[in-house]
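Novice: Sequence plus predicted model, see below.
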Amino acid sequence: MNTGALEQELTDLIARVERLEEMVKPIAKPTWRQVLGTSTGDERDREAARLGAEWRASEGKPE
């Protein structure tokens, strides 16, 4: 294969990759807050706060 043919094939492949990349644009992933939501003051929130305080106390860390 000569240089001209290789250059043409490379140009064709680059164009093909660009077209394929356009077809598969990445979709933004939702954050955990969007998936789970936040509910300040609900049972899970209070439990998380209690466990966090318990852990900090066991580690000797201030509140």
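Specialist: Arrived safely.
Novice: C-alpha from now on. contacts and neighbour counts both.
Specialist: OK.
Novice: Off-centre distance for the helix or strand of the chain with the lowest mean pLDDT?
Specialist: Lowest by mean pLDDT, DSSP states H and E among the helices and strands of the chain is helix 32-36, with a mean of 73. Put simply, helix 32-36 sits 12 Å off its chain's centre (C-alpha atoms, centre = their mean, to the nearest Å).
Novice: Next SSE downstream of that helix?
Specialist: Next along the chain after helix 32-36, taking DSSP states H and E as the criterion, comes helix 43-59.
Novice: could you dump that following helix to CSV, C-alpha only?
Specialist: Extracted in CSV, the C-alpha atoms of helix 43-59 (Å, rounded to 0.1, in the frame of the first residue of the first chain):
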residue,chain,number,x,y,z
GLU,A,43,-35.9,8.8,60.0
ARG,A,44,-32.8,8.0,57.9
ASP,A,45,-31.4,11.5,58.3
ARG,A,46,-31.7,11.2,62.1
GLU,A,47,-30.2,7.8,62.1
ALA,A,48,-27.3,9.0,60.0
ALA,A,49,-26.7,11.9,62.3
ARG,A,50,-26.9,9.6,65.4
LEU,A,51,-24.4,7.1,63.8
GLY,A,52,-22.1,10.0,62.8
ALA,A,53,-22.1,11.4,66.3
GLU,A,54,-21.5,7.9,67.8
TRP,A,55,-18.5,7.4,65.4
ARG,A,56,-17.0,10.8,66.2
ALA,A,57,-17.3,10.2,69.9
SER,A,58,-15.6,6.8,69.5
GLU,A,59,-12.8,8.4,67.6
